[in-house]
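K.L.:
need a 3D model of the following:
(one chain, ligands or ions: 1)
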Amino acid sequence: MAQRVLTGITTTGTLHLGNYVGAIRPAVAASKAAGVESFFFMADFHALIKCDDPARIAHSSRTIAATWLAAGLDPERVTFYRQSDIPEIPELCWLLTCVTAKGQMNRAHAYKAAVDAATAAGEEPDAHVSMGLFSYPVLMAADILMFNAHKVPVGKDQVQHIEMTRDIAQRFNHLFGAGREFFVLPEAVVDAEMELLPGLDGRKMSKSYDNVIPLFEGGAQALKDAVARIVTDSRLPGEPKEPEGQALVQIYDAFATPEQRAAFRAALRGGLAWGEAKQQLVALIDSHIGPMRARYAELMAHPEQLEAILQAGAAKARALAAPLLQQLRAAVGLRPYTAAASHTAAKAEKAAQPVFKQYREADGKFYFKLLSAGGELLLQSQAFEQGRDAGQWVARLKREGAAALAEAPVQREADEAAISAALAAFQDD
Ligand code: TRP
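P.N.:
Residues are numbered from 1 along each chain as shown. Predicted coordinates for the structure are as follows:
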């Protein structure tokens, strides 16, 4: 199976140059590689968590969609959609919510940050926490698991959410898979570049620092105005300048060839004025995004084209999501009453779990053994005079899992991994 790569962008703002360099450009490039199936979407359900301004959400979604396409995303090749056009996602989100431990969500960074901020302000810990914010990671897990993505390119702040997705997937597989793995366990891909593009003031480019260079919004003039505000040192024209550590140079690097980078540095060391350098930076950025800006303007002027592309993307996405959701519904017990032999199926599911068997031998002594889901012998106990003692060991192994193995009076009949996995199955029952 091809490697599936999936990422979403929350639709609460417009995109800036840092988003382009850190997320969009590498994602578009990666989507062209052979053996990769890419999924990109506007995370507009997620936007509702952070924003209660409908006009802003609608506008943001449209600009982000137009930006992806203008940046060269080929909607024929990739699956490009709006999260809210896929009703299977919130439905999966509910199935996952029902197997997600609240305690785990309590530990989510975004939730903890909201609680800390409220506490620091002398308010109730949950004063600004909606259930949407609290459950945010589960919705994200549904986004990812719905399409069984292998790789998820994200910023560092999102890595914890991918770890939670893996836990949720594992738990669902274990509880309802009956030996099948419904979900692939995804991996976060954190692009080092993602963190790198500095903003006007040298800190990471971010809306929250108000230091961004807009990507398309405001056209060529807005680009020029923003670049003019990049902070430099106060060296005068003609004075030699140290390029390293300058935000201006780092932004230049993000668009330059190695030759251009070397030439730019040499010119600054030779006394190039900052004003001149800024003009060169504008020209360089514009040579990359100028042509895209035209396509962006065209898509923004023709919402019906954009809408048609997204409807086609939604159909493609749902063709994958709907059959998987059908299987998941059946697995948890949401089945038509006419579904054949549902009782027999339930029995088969039971049989597909590891089991402890306690028994008495002809020697009059008591024993237990652990069998895998497939019936293979994993652990064999020694003989006990009392049945109760055997029972207590079984209870302890179920409760403590592999941790109790070192002390348990048992013979290991299979490899460690198989035994631990089987014991783990008892613990979350
Ligand atoms: N939470 C992500 C962000 O704020 C956006 C997002 C939503 C996402 N669903 C996702 C990213 C699924 C990757 C995969 O950046």
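K.L.:
roughly how far does residue 204 sit from the ligand?
P.N.:
Per C-beta to the nearest ligand atom, to the nearest Å, residue 204 is found 14 Å from the ligand. No exception for glycine: its C-beta is placed from N, CA and C like everyone else's.
K.L.:
for that residue, name its beta-bridge partners.
P.N.:
residue 198 (DSSP bridges).
K.L.:
go on, the one 10 residues further on?
P.N.:
Taking DSSP bridges as the rule, residue 214 bridges to residue 16.
K.L.:
what's the spacing between it and the ligand?
P.N.:
For residue 214, the distance to the ligand - C-beta to the nearest ligand atom - is 19 Å.
K.L.:
and whichever residue of the stretch 301-429 of the chain sits closest to the ligand, backbone torsions?
P.N.:
As assessed by C-beta to the nearest ligand atom, the ligand sits closest to residue 317 within the stretch 301-429 of the chain, at 13.1 Å. Backbone torsions for residue 317, taken as degrees, to the nearest 10, come to phi -70, psi -40.
K.L.:
start at 78, not 1
P.N.:
I'll keep to 78 as the first residue from here, and by that count the last item is residue 394.
K.L.:
need the pLDDT of it.
P.N.:
pLDDT, residue 394: 98.
K.L.:
helix, strand, or coil at the residue nearest to it when sequence neighbours are not counted?
P.N.:
Distance criterion C-beta to C-beta, 6 or more residues apart in numbering; nearest residue to residue 394, sequence neighbours excluded, is residue 158 at 4.6 Å. Classification of residue 158 using DSSP: H, G, I helix; E, B strand; the rest coil returns strand.
K.L.:
can you check residue 368 too?
P.N.:
Applying three-state DSSP: residue 368 is helix.
K.L.:
gap between it and residue 149?
P.N.:
Using C-beta to C-beta, to the nearest Å, residue 368 is found at 10 Å from residue 149.
K.L.:
more crowded one of these two?
P.N.:
Relative neighbour count places residue 149 above the other of residue 368 and residue 149, with 15 against 12, counting by other C-beta atoms under 10 Å.
K.L.:
who are the contact partners of the closest residue to that one other than its chain neighbours?
P.N.:
By the measure of C-beta to C-beta, 6+ apart, the closest residue to residue 149 outside its immediate chain neighbours is residue 105, 4.8 Å from it. Listed by C-beta atoms under 8 Å, 6 or more residues apart in numbering, the contact set of residue 105 reads 145, 148-150.
K.L.:
one more time with 6 Å, if that's ok
P.N.:
Neighbouring residues of residue 105 by C-beta atoms under 6 Å, 6 or more residues apart in numbering: 148-150.
K.L.:
contact partners of stretch 280-290?
P.N.:
90, 93-95, 274, 276-278, 303.
K.L.:
any idea which helix or strand comes after the helix or strand bottoming out on mean pLDDT in the chain?
P.N.:
For the chain, using mean pLDDT, DSSP states H and E, the weakest element among its helices and strands is helix 419-428, scoring a mean of 57. With elements assigned by DSSP states H and E, the helix or strand that comes after helix 419-428 is strand 432-437.
K.L.:
residue 319 and the ligand, how far apart?
P.N.:
35 Å.
K.L.:
show me which of the contacts of stretch 280-290 are buried.
P.N.:
90, 93-95, 274, 276-277, 303 (16 or more other C-beta atoms under 10 Å).
K.L.:
tell me the mean pLDDT for the strand or helix carrying residue 188?
P.N.:
Residue 188 is part of helix 186-197 when elements are defined by DSSP H and E. Here helix 186-197 scores 95 as its mean pLDDT.
K.L.:
about what we covered before: dump the contacts of stretch 280-290 to a markdown table, plus pLDDT and distance to residue 405.
P.N.:
Shown next, in a markdown table, are these (pLDDT from 0 to 100; distance: C-beta to C-beta, whole Å):
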| residue | pLDDT | distance to residue 405 |
| --- | --- | --- |
| 90 | 88 | 33 |
| 93 | 94 | 38 |
| 94 | 95 | 40 |
| 95 | 91 | 37 |
| 274 | 89 | 39 |
| 276 | 95 | 43 |
| 277 | 96 | 47 |
| 278 | 94 | 48 |
| 303 | 97 | 47 |
